[in-house]
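Colleague: Pasting the sequence and the predicted coordinates here, then a few questions.
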Amino acid sequence: MPFRIAPSILAADFLHLEKDIDLVNRCGDVIHLDVMDGTLVPNISFGFSVIDQISKVAKAPMDVHLMVVHPERWFKKVADDGVQMCSFHLEASGRRTSSFLKEIRALGMKAGVAVNPDVPVEKLFPYIGKADYFLIMSVFAGFGGQKFIYESLDRVATLKSELVKRKSDAFIEIDGGINLSTVKAVKEAGVDLAVAGSSVFGAADPAEAIKSLREA
Ligand code: DX5
Ligand code: ZN
């Protein structure tokens, strides 16, 4: 699978969202959409009224990252918006993780499990074969613009080698602090899809920024 970039709309220009979605349609690979509830994570982002609107102009696949305590309440809604990838946090799903993954797949989406940097990556192993992808947070979920946590590279490598060992074709997404100084290392560690918010939308030329990240 080629290395792909998912610009995070959290860092986009909310007054001119269509312009930024269009940029991702043209230059990005995936549109990353962060939904936060202020409880699982200490911030609130945007909800489904915004995603409904985005879905009308999205051409690139949409990737919804649910940072909420009851993700299962929203799977159907997310699917109805035509979203292709939907992830929730292991910290929120606990023992219901397998059934949540099943529900997401039954709705026709790729199902992902996300973990914060303080969750041992081995906790994801039981879901190999049940998840289509794993989202490794390389900052604590909640805010854009944080510094990349370098221990994330070992977490990715550990997960990657387990996926290879078990002949799984699940892919690895990473989220947080991805920029030109960190992207090469994450790619080498085994990441397939890198989320990038501030390093894309904060750049003078976001299209060029996406291209440089992808080719790093
Ligand atoms: C943080 C979000 C990220 C965020 C990444 O909780 O999940 O998707 O937008 O932002 P950067 O790329 O600025 O670290
Ligand atoms: Zn995210």
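Modeller: Happy to help now that I have it. Ligands and ions are numbered 1, 2, ... in the order given.
Colleague: Off-centre distance for the longest helix along the chain?
Modeller: As assigned by DSSP state H, the longest helix anywhere in the chain is helix 152-165. Computed by CA atoms, centre = their mean, to the nearest Å, the chain-centroid distance of helix 152-165 equals 17 Å.
Colleague: hmm, stretch 120-137 in reach of ligand 1?
Modeller: No: Stretch 120-137 does not reach ligand 1 (CB under 6 Å from any ligand atom); its nearest approach is 6.9 Å. No exception for glycine: its C-beta is placed from N, CA and C like everyone else's.
Colleague: any idea how far Leu90 is from Asp118?
Modeller: Distance from Leu90 to Asp118, counting by CB to CB, to the nearest Å: 11 Å.
Colleague: That should have said Ser93, apologies.
Modeller: Ser93 sits 16 Å away from Asp118, taking CB to CB as the criterion.
Colleague: of the two, who's got more company?
Modeller: Ser93 (21 against 10; other CB atoms under 10 Å).
Colleague: Helix or strand: which one has the closest residue to the more buried one other than its chain neighbours?
Modeller: With CB to CB, 6 or more residues apart in numbering as the criterion, Ser93 has its nearest non-adjacent residue at 5.1 Å, and that residue is Phe100. Secondary-structure element containing Phe100, defined by DSSP states H and E: helix 97-106.
Colleague: What residues sit buried inside that helix?
Modeller: Buried positions in helix 97-106, judged by neighbour count with 16 or more other CB atoms under 10 Å: 97, 100-101, 103-104.
Colleague: Quickly note the distance from the closest residue to ligand 1 within the chain to Ile210.
Modeller: The minimum distance from the chain to ligand 1, using CB to the nearest ligand atom, falls at Gly197 (3.0 Å). For Gly197, the distance to Ile210 (CB to CB) stands at 12 Å.
Colleague: any residues in contact with both of these two?
Modeller: Contact with both Gly197 and Ile210 is made by residues Pro7, according to CB atoms under 8 Å, 6 or more residues apart in numbering.
Colleague: If you count neighbours, what's buried in stretch 16-25?
Modeller: For stretch 16-25, burial by neighbour count (16+ other CB under 10 Å) applies to 17, 20-21, 23-24.
Colleague: How about that stretch and ligand 1, touching?
Modeller: No: between stretch 16-25 and ligand 1, judged by CB under 6 Å from any ligand atom, nothing touches; the nearest distance is 12.7 Å.
Colleague: Point out the residues in the protein that sit beside ligand 2.
Modeller: 34, 65, 175 (CB under 5 Å from the ion).
Colleague: Look up which residues are beta-bridged to the closest residue to the last one other than its chain neighbours.
Modeller: Pointing back at Asp175 there. Excluding its sequence neighbours, the residue lying closest to Asp175 (CB to CB, 6+ apart) is Val195, at 4.0 Å. Residues in a beta bridge with Val195, per DSSP bridges, are Ala6, Asp175.
Colleague: who touches the helix or strand where Lys211 lies?
Modeller: Per DSSP H and E: Lys211 is located in helix 206-215. The contact list for helix 206-215 (CB under 8 Å, 6+ apart) reads 3-5, 7, 20, 23, 26-29, 178-180, 183, 194, 196, 199-200, 203.
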